[in-house]
Every structure is written in structure tokens, then in C-alpha cells.
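[1] below are the sequence and a predicted model for it; my questions follow.
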Amino acid sequence: MIEDKKAQAGWVSSLDIIEKTGISRATLNNYIKMNLLPRPKVRKPDETAVRARMLGYFPASVMDTIGQIKILKNHGSTMNVIIERLKRSNSIEPSGDVMMREESRSSYATGPGISNPNEQNGSSVMPEERKGTLTLASHEIKPPREAACFVHPKLDDSARNAADLLSRRTKIINDLLGRPMPTLISFCVLVADLQNSARICAELPPEEYFELINQVWICVDGSFKQYYGAHGKHAGNGMLYYFLKEQDNQHMMNAVLCALEIRENIKKLNTEWKVRKGWFNELKLNIGINEGEEYFGTISNAPGAEFVSLGDTVNHAGRLSDFARCGAIWTTKNLINKLGAEEKNGIRYGIRHIDKDNEVLVEDSFSRIMDIMTPDNIKNSRLMDIATLAITEILGRR
């Protein structure tokens with residue numbers, strides 16, 4: 001009963017927050033330091049069973065904030081990204097034709113304090129007998145439950161597309177998280193590694209190398225979101241993203257189109273760093289794509305929940321990334337065969353053959369890895385695991 005009264009009053013204790021959300025006291029303190037949560041009001045505890053002499057109380061709205069933080073962390077967002085998103089969501093200003101005055105109640109409660117001078121109050125046009133009925137009924141009605149109301153401004157096409165994109169991507173990930181783990185699922189995986197990353201690391205000062213790697217991530221992150229990619233665990237410094245199957249097989253084409261877009265974005269970043277450093281290094285992301293059906297799960301104790309797949313699908317995509325050079329995109333014959341006719345006609349793929357020092361491109365064809373290995377590839381024992389795998393190079397869009 002005491003807890004219900006506190007909730008109605010709009011305050012919740014730190015003990016209740018820790019118990020209901022499952023976060024630790026250290027995490028709660030960190031959120032306060034990051035200005036994600038307000039500082040508590042410290043007073044004597046309302047509960048007689050609490051031994052502490054003083055207890056911190058927060059606005060009840062912090063429960064929603066912590067819930068948002070959990071969702072974002074489960075999707076792999078870093079704390080910096082979470083802070084920026086919550087700042088943007090809290091920076092909406094009221095429109096000019098709405099008058100507001102400070103109230104002692106929660107900011108999201110409805111009632112007095114918000115009025116529009118250009119609109120009539122409903123009671124002014126209500127029949128007298130109706131007013132009397134409501135007056136009598138008000139003594140029997142329980143205090144209203146507070147709720148959050150979101151008012152969305154009219155979106156232009158680009159904003160609407162972005163909203164649809166984020167809602168669909170979130171739905172796909174939430175659907176997966178809602179299943180018992182591990183779960184058997186069809187998916188496509190994209191593995192990308194920066195070519196000659198060890199040499200680039202050796203040539204750059206530490207601060208510039210980390211700046212470069214962060215820029216690479218920023219450069220490709222938008223493409224992964226646009227094509228509904230879910231971040232996965234990668235053993236090295238590269239990237240691994242899953243594209244989960246929905247009702248159709250669009251997830252495979254999403255992975256291919258995402259890879260092509262990433263390659264174009266990296267070309268622009270490569271030009272910027274050539275101008276900046278005056279060097280001869282080429283920034284290239286070597287990409288491998290594979291599809292399959294494997295058991296999926298998450299690592300819940302990671303800073304952000306990371307998807308993990310068991311089986312060879314991811315391993316083979318990693319081997320294709322090892323095999324790729326100069327920013328090439330390699331995928332399997334099985335993936336191409338599972339695309340629809342219209343999707344196949346929308347992309348160019350094939351094999352480059354070397355004939356007496358001349359390169360001959362044969363489009364719409366495949367090859368076993370063992371048949372197109374270079375002497376350097378043959379020395380790579382990792383590639384021998386997939387030597388008989390039929391593959392092709394994604395060249396671009398038609």
C-alpha cells in the first residue's frame with residue numbers, strides 16, 4: 001500500500017529501482033554521473049522495514065528511462081550512443097501556440113497547466129445535466145493512472161523512412177530476443193576486415209589509428225542499420241553482422257546491397273585519409289557473405305548483448321573475408337541460387353580468370369576456391385577448410 005502511494009505521488013526509492021530493474025547500485029550511480037538520471041532527493045525512508053536511516057528517491061519516470069537504456073544496450077549501442085539518443089529525445093520543445101506553466105505534479109501528467117487559448121474547453125459546451133453527473137461521479141472515481149503521451153510532428157518523407165527503418169529493425173531484433181535461446185534460425189552473415197590493418201597500425205600514431213578505426217565504424221554503421229543488420233561477436237578487429245530471415249528471403253539481398261554500399265563509403269574515407277596523410281596505403285574492407293541455418297543465442301554478460309551463432313556458416317564467411325583482396329566481396333553459390341530472378345538480375349557477379357597474365361572476367365559464373373587460389377592463398381591453411389566451396393565475386397549493381 002505504501003509503495004502504491006509513493007508511485008501515485010510520482011517517486012520511487014533507489015531500493016525499488018534496483019529490485020525492479022535488476023541493475024546494480026554501481027550502475028545506478030554511473031547513470032546519475034552520466035546525467036542519464038536526475039540526482040535523488042535524500043530523506044528518511046517511508047517504509048518502516050528499511051534499516052537505512054536515509055534513502056534516495058527518484059521521479060517515477062526513471063523506470064522508463066532505465067528500460068530504454070536496457071533496450072538500447074541489448075541492441076549493441078554503446079553508452080555514448082545511448083546518451084546522445086536520450087538527449088535528443090529529451091530536447092523536444094513545446095510548440096509556440098501551447099502555453100505551459102510549472103506544476104508540482106509529474107511532467108508527463110495530464111490536467112491543469114497545459115492549455116491552448118485558441119481552443120474551447122470541453123466543459124464550456126457541455127450540457128448542465130452532464131456536468132452534474134460528472135460532479136457526482138467524481139467522488140467515486142479513483143485517482144487517474146498517469147501515462148505518457150507522445151505527440152509526433154508531421155514527418156517529411158526522409159524522416160518517415162528513417163522511422164520505418166528503425167521500427168522494423170528493432171522489431172526484427174526484438175522478435176529474436178523474445179524467442180527461447182538458443183533458437184534455430186535462417187540468416188545471412190557479413191564479415192568484413194580491414195586489409196593490412198597491422199601495417200596501418202604500425203605506421204600511425206596510436207591516437208590516429210583509433211581515430212581511423214572509429215571513422216570506419218561510423219562510415220559503415222548507417223548502412224548496417226539501413227539494411228537491418230544486427231551486430232554480432234567478432235574475434236578480431238573486423239566487423240560481423242547478421243541479417244535475419246523474415247517471411248521472405250530479402251535478408252540475403254539486404255546483405256549483398258549493404259556490402260556494396262559499404263564499399264562505396266570506404267572509398268570516400270580512403271580519399272580523405274590519402275589527402276590527410278599523403279600516404280600510399282589503401283583503405284579496403286575485404287568482405288565475405290554466407291547464408292545458412294544455425295542455432296542462435298546471445299551473450300548477456302557483454303557490455304551490449306551480442307548475437308552468437310553456432311556452426312560453420314559464420315566460419316565460412318570469415319574464410320571468404322580472408323580470401324578477399326582489394327575490397328572484394330565474395331559470397332557462395334548457394335546464396336546466389338536462393339535469390340529471386342529479379343534480385344539476381346539486379347547485381348553483377350562472376351569470376352576473374354588469369355590467362356597468360358591477362359585478366360578475363362566471366363560473369364554469372366562460379367568457381368571452387370581451390371581452382372582460383374593464388375600461391376599466397378595456398379599457404380593459408382584456413383582456406384583449405386573451404387577449398388571445395390563454390391563461390392563468386394559480387395561486382396556491383398546492374
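    Noted; the coordinates are in hand. Numbers count the residues shown, from 1 in each chain.
[2] and the closest residue to residue 327 other than its chain neighbours, how many neighbours?
    Spatial nearest neighbour of residue 327, chain neighbours left out: residue 284 (3.8 Å); criterion: Cβ to Cβ, 6 or more residues apart in numbering. Heads up, the C-betas are built off the backbone N, CA and C, glycines and all. Number of residues near residue 284 (other Cβ atoms under 10 Å) recorded here: 20.
[3] wait, doesn't residue 284 sit right on residue 193?
    No: using Cβ atoms under 8 Å, residue 284 is not in contact with residue 193; the gap is 9.4 Å.
[4] list the contacts of the residue nearest to residue 327.
    Neighbouring residues of residue 284 by Cβ atoms under 8 Å, 6 or more residues apart in numbering: 194, 195, 266, 270, 325, 326, 327.
[5] can you tell me which of those residues end up in helices?
    Mapping the contacts of residue 284 onto helices (DSSP state H) picks out 266, 270.
[6] next, give me the two most distant ones among the contacts of residue 284.
    270 and 325 (15.1 Å; Cβ to Cβ).
[7] tell me how many other residues crowd residue 20.
    By other Cβ under 10 Å, 11 other residues sit near residue 20.
[8] skipping adjacent residues, who's closest to residue 396 in space?
    residue 348 is the one closest to residue 396 (Cβ to Cβ, 6+ apart), at 5.2 Å.
[9] before we move on, could you check phi and psi at that neighbour?
    Main-chain dihedrals, residue 348, degrees, to the nearest 10: phi -100, psi 130.
[10] same question, residue 250
    Dihedral pair for residue 250: phi -60, psi -20, per degrees, to the nearest 10.
[11] please apply the same query to residue 60.
    Backbone torsions of residue 60, given as degrees, to the nearest 10, read phi -60, psi -20.
[12] can you tell me which of the contacts of residue 284 end up in strands?
    Counting by DSSP state E, the part of the contacts of residue 284 found in strands is residue 194.
[13] now which of the contacts of residue 284 would you call buried?
    Neighbour-count burial (16 or more other Cβ atoms under 10 Å) is assigned, among the contacts of residue 284, to 194, 195, 266, 270, 327.
[14] pretty sure the first one contacts residue 238?
    Yep, that's residue 194 we're talking about. Yes: with contact defined as Cβ under 8 Å, residue 194 counts as touching residue 238 (6.7 Å).
[15] all strands for the stretch 201-350 of the chain, in order.
    230-231, 239-244, 285-299, 306-310, 329-332, 347-355 (DSSP state E, counting those that start in this stretch).
[16] what's the angle from the longest one to strand 239-244?
    Strand 285-299 runs at 60 degrees relative to strand 239-244, counting by axes from the mean of the first three to the mean of the last three Cα atoms, to 10 degrees.
[17] list the buried ones in strand 285-299?
    Buried residues in strand 285-299, counted by 16+ other Cβ under 10 Å: 285, 286, 287, 288, 289, 290, 291, 292, 294, 296, 297, 298.
[18] for it, packing partners?
    Judged by 3 or more Cβ pairs under 8 Å, 6 or more residues apart in numbering; DSSP states H and E, strand 285-299 is in contact with strand 183-194, helix 250-277, strand 306-310, helix 312-323, strand 329-332, helix 333-338.
[19] in the chain, where is pLDDT below threshold?
    By pLDDT under 70, the weakly predicted segments of the chain are 1-9, 47-51, 89-181, 234-237, 247, 298-307, 376-380.
[20] mind giving me the domain ranges of it?
    2-87, 161-397 (automatic domain parsing).
[21] mean neighbour count, those: which tops it?
    Mean neighbour count (mean count of other Cβ atoms under 10 Å) peaks for domain 161-397 among those, with a mean of 16.
[22] closest to residue 56 among the buried residues of strand 285-299?
    residue 298 (32.1 Å).
[23] re the thing from before, so can I have JSON lines of the buried residues of strand 285-299 showing distance to residue 337?
    Shown next, in JSON lines, are the buried residues of strand 285-299 (distance: Cβ to Cβ, whole Å):
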{"residue": "285", "distance to residue 337": "25"}
{"residue": "286", "distance to residue 337": "23"}
{"residue": "287", "distance to residue 337": "19"}
{"residue": "288", "distance to residue 337": "17"}
{"residue": "289", "distance to residue 337": "14"}
{"residue": "290", "distance to residue 337": "13"}
{"residue": "291", "distance to residue 337": "10"}
{"residue": "292", "distance to residue 337": "13"}
{"residue": "294", "distance to residue 337": "19"}
{"residue": "296", "distance to residue 337": "23"}
{"residue": "297", "distance to residue 337": "28"}
{"residue": "298", "distance to residue 337": "30"}
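[24] what about residue 398, how many residues nearby?
    For residue 398, the neighbour count with other Cβ under 10 Å is 8.
[25] I'd guessed it sits against residue 344; true?
    No: with contact defined as Cβ under 8 Å, residue 398 does not count as touching residue 344 (9.5 Å).
[26] what's the distance between the residue nearest to residue 288 when sequence neighbours are not counted and residue 198?
    Nearest non-adjacent residue to residue 288, counting by Cβ to Cβ, 6+ apart: residue 320, 2.8 Å away. Separation of residue 320 from residue 198 (Cβ to Cβ, to the nearest Å): 20 Å.
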